[in-house]
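below are the sequence and a predicted model; questions follow.
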Amino acid sequence: MLCAQEALGELGLDRVLLIPVNTPPHKRLEDEPGAGHRLELCRLAAAGSERIDVSSVEADRPGPSFTIDTLRALHERAEPEEKLTFIVGADQAAGLPAWREPAAVLELAELGVAERDGMREADVLEHLSALPGAARRVRFFAMPRVDVSSSLIRSRVAQGRPVRWLVPDGVAEYIAEHGLYGAGRRAVAR
């Protein structure tokens, strides 16, 4: 959520859509709860935010979730004056040339790149240099360093350790209530 909030302000966006993946195309998650639970977790995380919404565009589509397919679907629904910005971390942005149809991704959306330690703007731009016009389609924004990741949350839950203050209370309560990520009967909300 912090990344979404920072992107809103730093990039001057009107709103941010959280889009949980249906089926990750390149990795398998342990204790995978399914797209329906991930969608609800995003809704709980965004609750109360006026400019952060949740989209089920990927959860509604069967099969692997590829960014290009999602951007095409969003582009079809968008008003002509709306411009899309795809928010990624610097490490993900650097890997864009290996994605499915990377040039088309940049045609449909600008990249809003969250700066990360160990990955400078120049490094990202160097990785993207093989894609024509990529440098004009990338905007960087600063992110406060916060060492919280989804894998850390899943690991802590599986170990029965608290995740309060790492996720919104509603998210922690939902994880515990539904026994997600190996929570079982362990209390993870507090």
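Thanks, I have it.

where do the helices of the chain begin and end?
With DSSP state H, the ranges of helices along the chain come out as 2-11, 35-46, 67-77, 90-94, 102-108, 121-128, 150-158, 169-178.

how about stretch 127-135: buried residues?
For stretch 127-135, the neighbour count (16 or more other Cβ atoms under 10 Å) marks His127, Leu128, Leu131, Ala134 as buried. (Each C-beta comes from the backbone N, C-alpha and C, glycine too.)

reformat those residues as JSON lines; add pLDDT and distance to Val157.
JSON lines is the format used below for the buried residues of stretch 127-135 (pLDDT from 0 to 100; distance: Cβ to Cβ, whole Å):
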{"residue": "His127", "pLDDT": "95", "distance to Val157": "33"}
{"residue": "Leu128", "pLDDT": "96", "distance to Val157": "35"}
{"residue": "Leu131", "pLDDT": "95", "distance to Val157": "38"}
{"residue": "Ala134", "pLDDT": "94", "distance to Val157": "38"}
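
centre of the chain to the worst-scoring helix or strand of the chain on mean pLDDT, how far?
Lowest mean confidence among the helices and strands of the chain (mean pLDDT, DSSP states H and E): helix 150-158, at a mean of 88. Helix 150-158 sits 16 Å away from the centroid of its parent chain (Cα atoms, centre = their mean, to the nearest Å).

please save the CA atoms from that helix in PDB.
In PDB, the C-alpha atoms belonging to helix 150-158 read as follows (Å, rounded to 0.1, in the frame of the first residue of the first chain):
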ATOM      1  CA  SER A 150       4.800 -10.700   0.600                       C
ATOM      2  CA  SER A 151       7.200 -13.600   1.100                       C
ATOM      3  CA  LEU A 152       8.100 -12.200   4.600                       C
ATOM      4  CA  ILE A 153       4.400 -11.900   5.500                       C
ATOM      5  CA  ARG A 154       3.700 -15.500   4.300                       C
ATOM      6  CA  SER A 155       6.800 -16.800   6.200                       C
ATOM      7  CA  ARG A 156       5.900 -15.100   9.500                       C
ATOM      8  CA  VAL A 157       2.300 -16.300   9.200                       C
ATOM      9  CA  ALA A 158       3.500 -19.900   8.600                       C
END
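
with adjacent residues omitted, what lies nearest to Leu106?
Arg137 (4.5 Å; Cβ to Cβ, 6 or more residues apart in numbering).

now do Ala103
Leu131 (5.6 Å).

next one: Asp60
Per Cβ to Cβ, 6+ apart, closest to Asp60 is Asn22, 7.8 Å.

ok, the one you found touching Gly63?
Yes. When contacts are counted by Cβ atoms under 8 Å, Asn22 is listed as touching Gly63 (7.3 Å).

returning to what we had before: separation between the residue nearest to Leu106 and Leu111?
6 Å (Cβ to Cβ, to the nearest Å).

same check, this time on Pro132
For Pro132 relative to Leu111 (Cβ to Cβ), the value is 14 Å.

related to what we said a few turns ago, same list (the helices of the chain) but as TSV, adding distance to Glu115.
Formatted as TSV, the helices of the chain follow (distance: least, Cβ to Cβ, whole Å):
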stretch	distance to Glu115
helix 2-11	10
helix 35-46	22
helix 67-77	20
helix 90-94	6
helix 102-108	19
helix 121-128	7
helix 150-158	19
helix 169-178	25
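
cheers, nothing more for now.
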